[in-house]
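Colleague: Starting from these lines, generate the structure:
(chains A and B)
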Amino acid sequence: MNSLWAVTMATLVKDIRLEWRSKDALNAMLFFSLLVVVIFMFSFDPLAEESRHIVGGLVWVSFLFASVTALNQTWARELRNQVLDAYRVSPAPANALFLAKALGNFIFVSVLEALMTPLFVIFYNVRVLGPAWQLIPIALLGTWALVVNGTFFAAMSLRTRSREIMLPLLLFPVSIPAVIAMVAGTTSILTGEESAHFYLVLLLTYDVVFTTACLALFGTILHAE
Amino acid sequence: MTQAAQPAITVNNVVKQFGRFAALRGVTAEFDEGRFHAILGENGAGKTTLLRALAGLAQPTRGEISIFGKSPREACREIGYMAHPSLLYDEMSGTENLRYFASLYGILDNNRRCAEVIRSVGLDPELTRAAGQYSQGMRQRMSLARAILHDPRVLLLDEPFSNVDVHSAQAMVGLLKGMRDAGKTVFVITHQAALLEGVADEFVWMQAGQIVDRTSSLAREGLQ
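Modeller: Residues are numbered from 1 along each chain as shown, chains lettered A, B, ... in the order given. The predicted model follows:
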């Protein structure tokens, strides 16, 4: 357990250091999300009452697509100079690598959300009619749902010839229940029309199930040829 | 009656196929501990595949490998592996790379050990330059430092002298000789076999996925 925690932390610190130096993932995600904000501003009236029903979906779809760039980048670093082999020949637990990558992606996508949310609020005139605090657990659970599966499927598609294409093909269908819960939960909070409690429970259940499944299977993925 | 020493590494009828192509075709061999083995052969002879199988990176399609009585993956603490690519993060300095890899092996006195192995390969532990900016020779030496970081009993080195100048290559050979003298088992794949003449205890010749000869010098019967 101590080894799992120590290796997870060492790998997480290493990944944050690499991202801080290159800023590859954050720049790509920010650019993509900014594009979404700007393009959709021209496609409907952001000041209209209906926009409150649309923004939840818009925000999460933008974060979902943007996060794919970060997810690909996370593993691409491990392929350069075949560094992943150095991990594979070491006695470090496979799950430590998975947890570190998932936590790293969680931090990167959370930073993106923290930077982009004020822009969505300003440009789409978002006013929250329901309990605003519930947006925090929706964001945390939703982001974890995206990155835990994304990290797993990105690792799975590592050895495929066209991994950039494979990741969304694998990730998006599996993420549908979580994305629906995130979008519907966010919309219900923004409009104040219904409780988001059901969606929170759904997200929590989804996270527990998929985190457990990913942890159980990651060793096989890591050592596959 | 004295008991015969068990070989450190046994390779028993190992076949490795990639689709329909057999990279290893029933390799069987025993290697004693504390010896320096140079693996030679043309491109495509199966040298790298054999080394990756010994490191536990390539699972044999058939046959088995035993390292000190364990499977390669179980014996991973005993194995130091250096591949043809550097296995280093380009954006981090050599010391940062080594500190990270030391944490994977649970090395407690991380800083001291990293400085020690970096000095042993003739580099400066204070060097802050990113590994991506190293010359090829420096990169090879840092890669060797990574492989010996956890003081393994078996060293598996794939082309450690490629793109390294003669002086640095000889220094690396000297280091590996010292490790063999300290009881380590060293495997080196190289196309610069002359560097290992008089140093390697055995030359293992591979051809078409098989070990075809094992000699104590570079001269082979029937070959020029």
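
Colleague: and the closest residue to B:Val121 other than its chain neighbours, helix, strand or coil?
Modeller: Closest residue to B:Val121 apart from its sequence neighbours, by C-beta to C-beta, 6 or more residues apart in numbering or on different chains: B:Arg141 at 4.2 Å. Glycine gets a C-beta too; all of them are placed from N, C-alpha and C. Of the three states, B:Arg141 takes helix under DSSP: H, G, I helix; E, B strand; the rest coil.

Colleague: what about B:Arg141, how many neighbours?
Modeller: Counted with other C-beta atoms under 10 Å in any protein chain shown, residues neighbouring B:Arg141 total 24.

Colleague: hang on, it packs against B:Arg119?
Modeller: No. Taking contacts as C-beta atoms under 8 Å, B:Arg141 lies outside contact range of B:Arg119: 10.9 Å.

Colleague: Up against chain A, what does chain B have?
Modeller: Contact residues, chain B versus chain A (C-beta under 8 Å from any C-beta of the partner chain): B:55-59, B:73, B:76-77, B:79, B:81, B:83, B:85-92, B:96, B:100-101, B:103-106, B:130, B:146.

Colleague: From those residues, which land in helices?
Modeller: Within the residues of chain B next to chain A, residues falling in helices by DSSP state H are B:55, B:96, B:100-101, B:103-104, B:146.

Colleague: would a markdown table of the residues you listed with pLDDT and neighbour count be doable?
Modeller: Below are these laid out as a markdown table (pLDDT from 0 to 100; neighbours: other C-beta atoms under 10 Å in any protein chain shown):
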| residue | pLDDT | neighbour count |
| --- | --- | --- |
| B:Ala55 | 97 | 26 |
| B:Glu96 | 95 | 19 |
| B:Tyr100 | 96 | 24 |
| B:Phe101 | 96 | 27 |
| B:Ser103 | 95 | 21 |
| B:Leu104 | 96 | 23 |
| B:Arg146 | 96 | 28 |
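
Colleague: For those residues, which two are the farthest from each other?
Modeller: Distance extremes for those: the farthest pair is B:Ala55 and B:Glu96 at 23.7 Å, using C-beta to C-beta.

Colleague: how about low-confidence regions in chain B?
Modeller: Scanning chain B for pLDDT under 70 picks out the ranges B:1-6, B:221-224.

Colleague: Determine whether any part of stretch A:155-169 lies close to chain B.
Modeller: No. Stretch A:155-169 lies apart from chain B when judged by C-beta under 8 Å from any C-beta; the minimum separation is 12.5 Å.

Colleague: Let's see the ChimeraX selection covering just the buried ones among the residues of chain B next to chain A.
Modeller: Buried members of these, defined by 16 or more other C-beta atoms under 10 Å in any protein chain shown, are picked up in ChimeraX with:
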select /B:55,56,57,58,73,76,79,81,83,85,86,87,88,89,90,91,92,96,100,101,103,104,105,106,130,146
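
Colleague: just the helices in chain A please.
Modeller: Here chain A has its helices, by DSSP H, at A:2-22, A:24-43, A:51-79, A:83-88, A:94-123, A:135-156, A:163-191, A:197-223.

Colleague: For B:Leu218, see how far away B:Leu40 is.
Modeller: The spacing between B:Leu40 and B:Leu218, counted by C-beta to C-beta, to the nearest Å, is 8 Å.

Colleague: Give the intersection of the neighbour lists for the two.
Modeller: Taking C-beta atoms under 8 Å, 6 or more residues apart in numbering or on different chains as the contact rule, B:Leu40 and B:Leu218 both touch B:193, B:203.

Colleague: Between these two, tell me which one has more neighbours.
Modeller: Neighbour comparison, B:Leu40 and B:Leu218: the larger count goes to B:Leu40, with 23 against 16 (by other C-beta under 10 Å).

Colleague: So the more buried one, which state does it fall into?
Modeller: On the three-state scheme (three-state DSSP), B:Leu40 is labelled strand.

Colleague: That one contacts B:Trp205, doesn't it?
Modeller: Yes. Between B:Leu40 and B:Trp205 there is a contact under C-beta under 8 Å: 5.5 Å.

Colleague: Can you name the residues that contact A:Leu58?
Modeller: A:Leu58 makes contacts with A:36, A:40, A:120, A:124, as judged by C-beta under 8 Å, 6+ apart.
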